[in-house]
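J.: generate a structure from the sequence data that follows.
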Amino acid sequence: MFAGMIVIIVMRTRHQDVRWRRAAVVGAIGIVLTLCAQLNSLPLAEFGYPTTDSYPSFLSRQLFKTVLAALGAGAFLFVVMAGSEPLYRETFRDQISLGNLFRPQGLRTKRFFKGAILGITLTAVFIAYQDRFLHRGVAPGRLGADRSPIRRGAQHALPLGLCAHRRVFSGGV
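T.: Coordinates of the predicted model:
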């Protein structure tokens with residue numbers, strides 16, 4: 001898929017159909033968000049700190065991995081945006097362009113309004129789910145995920161399905 005996107009970019013560049021600034025903005029946003037997410041998970045990486053190494057070398061290695069992951073995510077998003085946006089504009093001519101979606105005329109469209117309402121609704125549903133089933137437990141006295149004997153680090157590594165499986169077969173339901 002990635003090679004196909006590069007071929008499309010080369011073909012579309014000949015026709016001067018690629019919007020580089022828009023792709024660069026999406027890539028830069030991807031770099032910033034990935035960098036923040038990776039820096040946020042730095043305390044979890046400290047659990048795997050090998051004490052045979054010095055702490056500054058461990059920290060510099062983690063920061064190098066963080067920057068490398070952020071640059072990789074940004075480059076991937078840059079290529080995907082540069083290759084797919086011209087095809088989107090060609091295929092869906094009657095739809096609003098992705099770049100124009102966040103301009104004042106795009107913010108007033110019915111499509112943006114429906115998407116914003118759906119996003120806000122799904123956010124509220126997700127927060128209610130987290131509060132009801134994970135933080136409070138399903139009933140008084142039951143064990144919620146934040147009061148589980150599995151503490152930080154391992155708790156985030158287990159998929160939700162395994163946590164539910166453990167809860168059902170340990171008599172927690």
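J.: next, the buried residues of the lengthiest helix in the chain.
T.: Ranked by number of residues, the top helix in the chain under DSSP state H is helix 55-91. Neighbour-count burial for helix 55-91, counted by 16 or more other C-beta atoms under 10 Å, picks out 58, 62, 66, 70, 73-74, 77-83, 85-86. For glycine as for every other residue, the C-beta is placed from the backbone atoms N, C-alpha and C.
J.: check stretch 16-34 too.
T.: 18-19, 22-23, 26-27, 30-31, 34.
J.: ok, now stretch 113-133?
T.: The neighbour-count criterion (16+ other C-beta under 10 Å) identifies residue 133 as the buried residues of stretch 113-133.
J.: now, the buried residues of stretch 16-34 that are in strands?
T.: Using DSSP state E, no member of the buried residues of stretch 16-34 sits in strands.
J.: dump these to TSV, plus distance to residue 6 and pLDDT.
T.: Output for the buried residues of stretch 16-34, formatted as TSV (distance: C-beta to C-beta, whole Å; pLDDT from 0 to 100):
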residue	distance to residue 6	pLDDT
18	12	82
19	16	83
22	17	87
23	13	88
26	16	91
27	15	94
30	17	95
31	19	96
34	21	95
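J.: which strands or helices does the longest helix of the chain pack on?
T.: helix 2-14, helix 20-40, helix 42-45 (3 or more C-beta pairs under 8 Å, 6 or more residues apart in numbering; DSSP states H and E).
J.: compute the distance from the centre of the last one to the centre of its chain.
T.: Taking the mean of its C-alpha atoms, helix 42-45 sits 18 Å from the chain's own mean (C-alpha atoms, centre = their mean, to the nearest Å).
J.: and if you look at stretch 30-41?
T.: A distance of 9 Å separates the centroid of the chain from that of stretch 30-41, by C-alpha atoms, centre = their mean.
J.: kindly report the same for stretch 24-41.
T.: Distance of stretch 24-41 from its chain centroid, counting by C-alpha atoms, centre = their mean, is 9 Å.
J.: burial measure for residue 38, as a count.
T.: For residue 38, the number of neighbouring residues by other C-beta atoms under 10 Å comes to 19.
J.: hang on, it packs against residue 66?
T.: Yes. Judged on C-beta atoms under 8 Å, residue 38 makes contact with residue 66 at a distance of 4.0 Å.
J.: got the domain ranges for the chain?
T.: Domains of the chain are assigned by automatic domain parsing as 1-102, 109-173.
J.: where does pLDDT dip in the protein?
T.: 135-173 (pLDDT under 70).
J.: go again using 50 as the cut-off
T.: Applying pLDDT under 50 to the chain flags residues 153-158, 162, 165-168, 171-173.
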